[in-house]
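> predicted structure and sequence below. I'll ask about it afterward.
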Amino acid sequence: MTTATQHRMPVKTREMHNHHFDSTIWNDLVFRDNDIVISTYAKSGTTWMQQIVSQLIFEGAEALPVAEMSPWLDLRVPPKQVKLPEVEAQTHRRFLKTHLPVDALRMSSKAKYIYIGRDGRDVMWSMHNHHSTANQAWYDALNKTPGLVGPEIGPPHKDPVAYFRHWLENGGVPFWPFWENVRSWWDIRDLPNVLMVHFADLKRDFEGELERIAAFLEIPIPEDARARIIEHCSFDYMKRNAAASVPLGGAFWDGGAQSFIHMGTNGRWKDRLPSDLSDAYEQRAEEELGKDAAAWLKEGRQVR
């Protein structure tokens, strides 16, 4: 990175704490050259991107323990005094996960950042399944682990429409603000060490997006590994091997890891979400993000 790029790197201005977050862990991370940070709001293709990056780094290897190799760094479980030494002990090219907005994330010119966007209606349909299938061990880990700041997280409303409405009208409750997350990454999209990827583009043109991600990470794709990489990043493969990609092998969700990797599709809300609520979401998106960012969030790179 050039000196000019270093000067343009965003500066952390706040910490975020809740039942999931302890953003202070980033303050203590010692960055390495070519670290990779995978960021989303959540339920936007994070696990898929972790699989893609792992496959590129390890040239299509089978049975990679991706969840273990690519920890959610700012998740407060386990606490940072446990997690940081494990990350420091890694000898492969590191690829870490975050759900923080830019202003709560300490960034480095040494690292490369991939942000994955997805229409918020798809995000919350997936989040409802994620939250609805969480078991008591999940609630205990988040609510009973010492250091909780703010309210506990409780069970979701059974109706995904009501769940979506509450999330939209209450600033991301019961999780965290959506618009500020998307906006913060969109605002730095032109930095040379930031790549914006959209879930819909991955679905539309996986091989094209794979090439774009590999080029950004400066990882050549060996021709004899290409077919394996593509197969191992398919939804069917990931569903069959879900335990390797999901934290604790899926122990926090009823139905296990395959419940965590649910359907991998968009548009499931279209037959359920009332048109007035869908329209309110789209209007809010433009108000919060502007037309260009809102269009990208809805459709992906093809509109940019």
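Right, received. Where do you want to start? Values in this document were obtained by computation on a predicted structure and should not be read as measured data.

> and the strands in this protein, which stretches?
For the chain, the strands defined by DSSP state E cover 36-39, 95-98, 112-117, 194-198.

> now the third one: average pLDDT?
Taken as a whole, strand 112-117 has an average pLDDT of 98.

> then the last one?
The average pLDDT for strand 194-198 rounds to 98.

> quick one: that strand to strand 112-117, angle?
30 degrees (axes from the mean of the first three to the mean of the last three Cα atoms, to 10 degrees).

> picking that back up, could you dump the strands of the chain to a markdown table with distance to residue 215 and mean neighbour count?
Quick note: C-beta positions are derived from backbone N, CA and C, even for glycine. Converted to a markdown table, the strands of the chain look like this (distance: least, Cβ to Cβ, whole Å; neighbours: other Cβ atoms under 10 Å):
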| stretch | distance to residue 215 | mean neighbour count |
| --- | --- | --- |
| strand 36-39 | 14 | 24 |
| strand 95-98 | 16 | 23 |
| strand 112-117 | 11 | 23 |
| strand 194-198 | 9 | 22 |
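
> can you say which of these is nearest to residue 243?
Nearest to residue 243 among these is strand 95-98 (17.4 Å), distances taken as Cβ to Cβ.

> need the strands of the chain in TSV with distance to residue 239, can you?
TSV is the format used below for those (distance: least, Cβ to Cβ, whole Å):
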stretch	distance to residue 239
strand 36-39	20
strand 95-98	20
strand 112-117	19
strand 194-198	21
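
> out of those strands, flag the one nearest residue 297.
strand 112-117 (5.3 Å).

> for stretch 137-155, buried residues please.
The neighbour-count check on stretch 137-155 (16 or more other Cβ atoms under 10 Å) flags 138, 139, 141, 142, 148, 153 as buried.

> mind checking which of the residues you listed land in helices?
Of the buried residues of stretch 137-155, the ones assigned to helices by DSSP state H are 138, 139, 141, 142.

> coming back round to it: for residue 29, which of the strands of the chain is the nearest?
strand 95-98 (8.1 Å).

> how far off centre is the closest one?
Put simply, strand 95-98 sits 8 Å off its chain's centre (Cα atoms, centre = their mean, to the nearest Å).

> ok, longest helix in this structure?
The chain, longest helix under DSSP H: helix 275-289.

> can you list the neighbours in contact with that one?
When contacts are defined by Cβ atoms under 8 Å, 6 or more residues apart in numbering, helix 275-289 is touched by residues 120-121, 161, 164-165, 168, 179, 182-183, 186, 269, 294, 297-298.

> which ones among those map onto helices?
Residues of the contacts of helix 275-289 located in helices (DSSP H): 120-121, 161, 164-165, 168, 179, 182-183, 186, 294, 297-298.

> what distance do you get for residue 101 to residue 40?
Distance, residue 101 to residue 40, using Cβ to Cβ, to the nearest Å: 11 Å.

> what is the neighbour count of residue 297?
Residues lying near residue 297 (other Cβ atoms under 10 Å) number 26.

> residue contacts, residue 57?
Residue 57 touches 92, 93, 95, 219, counting by Cβ under 8 Å, 6+ apart.

> any idea how far residue 61 is from the residue lying closest to residue 237 once chain neighbours are set aside?
Nearest non-adjacent residue to residue 237, counting by Cβ to Cβ, 6 or more residues apart in numbering: residue 231, 5.8 Å away. As judged by Cβ to Cβ, residue 231 and residue 61 stand 12 Å apart.

> where does this structure dip in pLDDT?
Applying pLDDT under 70 to the chain picks out residues 1-7, 245-250, 255-264, 302-304.

> pull out the buried members of the contacts of residue 57.
Neighbour-count burial (16+ other Cβ under 10 Å) is assigned, among the contacts of residue 57, to 93, 95, 219.
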